[in-house]
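>>> this one's structure only:
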């Protein structure tokens, strides 16, 4: 027989390449397979070998003898090529896994893992994680029409985990890996979805930049550098990652040829954040369920609109019969509430509610929201947004009592004293125990959420996973903003652009701005339209606000602005009235007046400011309320903390010259319930004419000018005149912020957008035994989320000097890892917490107004 040519024989020779795990290096020599050759060492200690199968010893199926030899090595070997034999091997592996039903006994490469676990039998297969996150993200993005992109983001977000390096990372052998850039590359360059790419890239490190240059930089680098550059890609071979994903039983959709244009606008940035929110919340929820081993968290209760509305309207009927409230005020409250119920019929999505203090705006807004939810099936929740914790506490008490039969999870409070870290990235379960450093807030799935302006608005402009994970739940929400005059003027336009987008048909939300001192935001409509076509032209809920203010007028305002009023004269005024309120602009002014009054021996003397911790303020407010109701002496010296939402009723008040809206808020604490024929408010020029910041000073000066030009009352027309002038005096849009929107720079915008421009830290003060016990616990064990939730009622805000924490503050550490905490401190010296004036650190340092 003629011998087969050598070239043909060579062509039929099959080369099988295998990768052996580090722990068996050298041992495969003991069980050598014929024609096995060592090709070299791979990263991570793996060994690459090749076996040549002679002609006639194989078919397209795996040779039985070789298959048995490969399977005998279990999880310590992987078939790399040829593709046909790899598929046969994978089929056999899957058959083994199905037969024994326990994938945990077959670590990589038989199964690619998404998350490890302290229990080796509870590792999570990557396929299961990707399927779950894709399904959850699609569901969370469905209310705003991004279900398909949510699914794609979930499927690709951890694509890099199919890399060998990441599997080694789960075993604790290496670190410093980027497993997100591969999925981002695929989303951008094969599926043409910039928002999906940005969401994937940012799901651990935060949203970065959507500029053209930044998007071009999303291509995987051949040198293996990741993003940020100090990280290394888990795998540079994108085709290998795609192949492994599909071999794992997942199917990639066909690539897209149509590029989705990335528009530079505030609306486009919100769209990306909402998709990002759906992805990171889905990732968090699935990872949390895996690590806790308890399944997904329970589904929150529904809004139960009909029952909630019936309960509210029954309560309003009870209030309408309360004879302690003058009939005129009861009638005005009912008229406002009925107008809010009627306004819910309007199909618009932007509203204002302009009404005097004391007419029940809080409950009128809630009635509007429930009535709107009854008519609009897209409405899923109500979010109440308040400027100060004092108002939030009062509102929460009312709501919890009102809906006490609706379950413990019907109402959620989330506000700015919740602990937030400095914002570094985390990565999967390796750092999962440190999630308390940033992910302490819920994802806002409760039917009614109470939060602060800071928490909501900064989250809407954030780039961090922890802050953004709740945002998708704002779709289909009624957002009730109370006391909107507190919004900083320089943030007005970018904020209105974002909220206008949220109130578009895409998201189906409704926004209500309520206050007695309504800013003239409609003047900014043209500027808002540059970022969102809907603009800002809201519908007023209250019928004839000017008439309403005239009918409810309860306070006469006197203006003493010709010359400063000395502190000694203010003390005399305090002495002359048994029940009187004095509001000053700065803490130092209030402290000075209080000490003089105390030296005078005045009875019933109280002080309120943010130098008192929340628990202390609440106790003082209760004492003040009791004294007022009992007709006892009550002389309150306060800062602006008393001005918004605090339900106090004095017969007379004195207010240092300030912005017109601040003066009106003080007026709201005078004859609040109309029990007297008329109250009196005196606006005076303080001897120490200091102000919290330049914007506050400009607004105070404008108030003085307008009063000199022709007098001011506290009605809507006066405020429109005031705000029109104010908007001409100061910027209503920060130029740097507008440039960051144009360049779609999420990271820098998050840093720049601050409701409170000088961020404070939290100082726990030794107010009582519980506070001191918490301080001891922190010293001995460090702090965690539970500690923070208990401690925040004993914390006061404090501006750190640029030089760093002063020596009278004690630093704190995390309970796990012992890392130093940047924004929580202790005040160890009881002498620095005055029993009447609160936190009194070294003079001139860090005092918050």
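Yes, it's here. Remember, it's a predicted structure, so these values are computed and weren't measured experimentally.

>>> The protein - how does it break down into domains?
6-111, 120-292, 305-547, 554-714, 761-839 (automatic domain parsing).

>>> From one end of the fourth one to the other, what's the distance?
The stretch domain 554-714 measures 11 Å between its terminal residues, going by C-alpha to C-alpha, to the nearest Å.

>>> same thing with the longest one?
One end of domain 305-547 sits 32 Å from the other (C-alpha to C-alpha).

>>> Let me have the domains of the chain in TSV, extended by distance to residue 731, mean neighbour count and mean pLDDT.
Where C-beta positions appear, they are placed from N, C-alpha and C, glycine not excepted. Listed next are the domains of the chain as TSV, based on distance: least, C-beta to C-beta, whole Å; neighbours: other C-beta atoms under 10 Å; pLDDT from 0 to 100:
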stretch	distance to residue 731	mean neighbour count	mean pLDDT
domain 6-111	54	15	72
domain 120-292	16	20	91
domain 305-547	5	20	86
domain 554-714	10	19	92
domain 761-839	23	17	90
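
>>> for the ones you listed, which one sits closest to residue 738?
For the domains of the chain, proximity to residue 738 was assessed by C-beta to C-beta; domain 305-547 is nearest, at 7.1 Å.

>>> give the contact list for residue 672.
Under the criterion of C-beta atoms under 8 Å, 6 or more residues apart in numbering, the contact list for residue 672 reads 357, 358, 554, 647, 648, 649.

>>> Please tabulate those residues in CSV, including the columns distance to residue 167 and secondary structure.
CSV is the format used below for the contacts of residue 672 (distance: C-beta to C-beta, whole Å; DSSP: H, G, I helix; E, B strand; the rest coil):
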residue, distance to residue 167, secondary structure
357, 62, coil
358, 64, coil
554, 71, coil
647, 60, coil
648, 63, coil
649, 67, coil
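
>>> Going by distance to residue 687, which of those residues wins?
When those are compared for distance to residue 687, the smallest value, 25.4 Å, is given by residue 648; criterion: C-beta to C-beta.

>>> I'd assumed residue 581 was in contact with the closest one.
Yes. Residue 648 sits in contact with residue 581 when judged by C-beta atoms under 8 Å, with a separation of 7.4 Å.

>>> Could you name every residue contacting both of the two?
Jointly contacting residue 648 and residue 581 under the rule C-beta under 8 Å, 6+ apart are 636, 642, 669.

>>> Chain neighbours aside, what residue packs nearest to the last one?
When you say that, I think you mean residue 669. Nearest residue to residue 669, sequence neighbours excluded (C-beta to C-beta, 6 or more residues apart in numbering): residue 648, at 4.9 Å.

>>> Next one: residue 30 from residue 68, what distance?
Spatial separation of residue 30 from residue 68 under the definition C-beta to C-beta, to the nearest Å is 16 Å.

>>> residues touching residue 67, list them.
Residue 67 neighbours (C-beta under 8 Å, 6+ apart): 88, 89, 92.

>>> give me that answer again for 10 Å
Each residue near residue 67 by C-beta atoms under 10 Å, 6 or more residues apart in numbering is listed here: 61, 79, 85, 88, 89, 92.

>>> Secondary structure element for the fourth one, which one?
Read that as residue 88. Using DSSP states H and E, residue 88 maps to helix 83-100.

>>> For the next helix-or-strand element following that helix, which strands pair with it and how are they oriented?
Past helix 83-100, heading to the C-terminal end, the next element that is a helix or strand (DSSP H and E) is strand 113-115. Strand 113-115 sits in its sheet next to strand 124-125 (antiparallel), going by DSSP bridges.

>>> The next helix or strand after the partner strand packs against which elements?
With elements assigned by DSSP H and E, the helix or strand that comes after strand 124-125 is helix 126-141. Other elements packing on helix 126-141 under the criterion 3 or more C-beta pairs under 10 Å, 6 or more residues apart in numbering; DSSP states H and E are strand 113-115, helix 147-156, helix 164-170, helix 194-205, helix 238-247, helix 266-292.

>>> Tell me where the longest strand sits in the protein.
Looking only at the chain and at elements set by DSSP state E, the strand with the highest residue count is strand 555-565.

>>> And the strands in the stretch 351-500 of the chain, which stretches?
In the stretch 351-500 of the chain, strands defined by DSSP state E, counting those that start in this stretch lie at 381-386, 411-414, 448-452, 477-482, listed in chain order.

>>> Who are the packing partners of the first one?
Looking back up the chat, that one is strand 381-386. helix 361-375, helix 389-402, strand 411-414, strand 448-452, helix 453-460, strand 477-482, strand 510-515.

>>> quick revisit: and the contacts of residue 672 as CSV, adding distance to residue 229?
As requested, the contacts of residue 672 are arranged in CSV below (distance: C-beta to C-beta, whole Å):
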residue, distance to residue 229
357, 55
358, 58
554, 64
647, 55
648, 57
649, 61
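
>>> out of those, which one sits closest to residue 533?
Distance from residue 533 was checked for each of those by C-beta to C-beta. The minimum falls on residue 357, at 35.0 Å.

>>> how close does that closest one get to residue 338?
Taking C-beta to C-beta, one finds residue 357 at 19 Å from residue 338.

>>> Over to residue 641?
Looking at residue 641 against residue 338, where the rule is C-beta to C-beta, the gap reads 33 Å.
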